[in-house]
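Q: here is my input; please provide its structure:
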Amino acid sequence: MAEAPRSNHLGFLVKALLVLATVALGVGLASFPVSTWFEQRSELRDSQAQRQALVEQIDSIEAQIAQRVGPDGVAKAAKCVGLYVEPGSEVYSVPGVQGCVTVP
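A: This next block holds a predicted model:
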């Protein structure tokens, strides 16, 4: 009769260890995909921030191109670089200075 309670404790202990081992294995296997997911989300946020910075830079460059390609931009470039003038305009050339000089 004394052996019966001990075998019950041993059986309970084995079952508890199996449950704990199963839970530990499940947590271990689940932690890898979760950590990978967090890393991917971090990379995605970094990529989106980089993309936004590039989009802003492209918009700035496109605005500069539009300003230079427009009728006023072409006329200004012709006056500054090529020294083409319209009748009645005065253009001054300063030695050592290239391009347009604007008055502050």
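
Q: which intervals of this structure have sub-threshold pLDDT?
A: Residue ranges of the chain with pLDDT under 70: 1-7, 82-83, 91, 98-104.

Q: quick check: what element follows the helix ranked longest in the chain along the chain?
A: Secondary structure of the chain per DSSP state H: the longest helix is helix 3-69. Next helix or strand after helix 3-69 toward the C-terminus (DSSP states H and E): helix 71-80.

Q: only C-alpha atoms, please: export that next one in CSV.
A: Provided in CSV are the C-alpha atoms of helix 71-80 (Å, rounded to 0.1, in the frame of the first residue of the first chain):
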residue,chain,number,x,y,z
PRO,A,71,9.6,80.0,-70.0
ASP,A,72,11.0,82.2,-67.3
GLY,A,73,13.7,79.7,-66.4
VAL,A,74,14.9,79.4,-70.0
ALA,A,75,15.0,83.2,-70.4
LYS,A,76,16.9,83.6,-67.2
ALA,A,77,19.4,80.9,-68.2
ALA,A,78,19.8,82.5,-71.6
LYS,A,79,20.6,85.9,-69.9
CYS,A,80,22.9,84.4,-67.3
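
Q: just list what it packs against, helices and strands only.
A: helix 3-69 (3 or more C-beta pairs under 8 Å, 6 or more residues apart in numbering; DSSP states H and E). All C-beta spots, glycine's among them, are computed from the backbone N, C-alpha and C.

Q: what angle separates the helix it packs on from helix 71-80?
A: Angle, helix 3-69 to helix 71-80, by axes from the mean of the first three to the mean of the last three C-alpha atoms, to 10 degrees: 60 degrees.

Q: give the other helices and strands that helix 3-69 contacts.
A: Packed against helix 3-69 by the contact rule (3+ C-beta pairs under 8 Å, 6+ apart) you find helix 71-80.

Q: roughly how far does residue 54 sit from residue 65?
A: Going from residue 54 to residue 65 by C-beta to C-beta, to the nearest Å gives 16 Å.
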